[in-house]
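Peer 1: Provide a 3D model corresponding to the input given below.
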Amino acid sequence: MHILGEFVKNLIGNKSAEKDIRDWLPENGYNGKSAKFVEVELHAIMRPGWLQVFRFEVKCLSADDQSVQLFGAMRSDERYGQPAIVVSEDIEIRDLQLAEWSDGLITQRRRK
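Peer 2: Predicted coordinates for the structure are as follows:
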């Protein structure tokens, strides 16, 4: 039962993160409705869980209808408004942002 509870908890967290990202995209020059998520994963967390860092990969259209693949990081803290989101077409830039935001937090091991 504990494993199922963790699965549901992560699924809900990831769906909430996906919605936040989808809402952010049109405000920043991308088509949120066209977004196809390849990955949305919890990357790091600070106890008791208000502060969370997610990594994601999404394919969508830019404002000029060009297909783009974006690698992103999202830092969300339930206590303080909207999440911070950074995207790049370069995975290394995303990974540097993840390292900065997750410093000192409990990190999720990356699945292959």
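Peer 1: List the beta-bridge partners for the residue nearest to residue 106 when sequence neighbours are not counted.
Peer 2: In space, and not counting its chain neighbours, residue 106 is closest to residue 45: 5.4 Å by CB to CB, 6 or more residues apart in numbering. Any C-beta I mention is one placed from the backbone N, CA and C, and that applies to glycine too. According to DSSP bridges, the residues that bridge with residue 45 are residue 52, residue 106.
Peer 1: Repeat that for residue 85.
Peer 2: In this entry, residue 85 is beta-bridged to residue 74, by DSSP bridges.
Peer 1: Identify the residues contacting it.
Peer 2: Applying CB atoms under 8 Å, 6 or more residues apart in numbering, we find residue 85 in contact with 20-21, 24, 28, 72-75.
Peer 1: which one among the residues you listed gets closest to residue 87?
Peer 2: Checking the contacts of residue 85 against residue 87 with CB to CB, the nearest one is residue 72 at 4.1 Å.
Peer 1: Can you point out the buried residues in the helix or strand that contains the closest one?
Peer 2: For residue 72, the host element (DSSP states H and E) is strand 67-77. Within strand 67-77, the residues that qualify as buried by neighbour count (16 or more other CB atoms under 10 Å) are 70-76.
Peer 1: Need the residues that contact it.
Peer 2: With CB under 8 Å, 6+ apart, strand 67-77 has contacts from 17, 20-21, 30, 43, 50-62, 83-91, 93-94, 97-98, 101.
Peer 1: One more pass at 6 Å, please.
Peer 2: Strand 67-77 has contacts (CB atoms under 6 Å, 6 or more residues apart in numbering) with 50-59, 62, 83-88, 91, 94, 97-98, 101.
Peer 1: In helices, which of these appear?
Peer 2: Secondary structure from DSSP state H places 91, 94, 97-98, 101 of the contacts of strand 67-77 in helices.
Peer 1: low-confidence ranges in the protein?
Peer 2: Low-confidence segments of the chain (pLDDT under 70): 1-13, 109-112.
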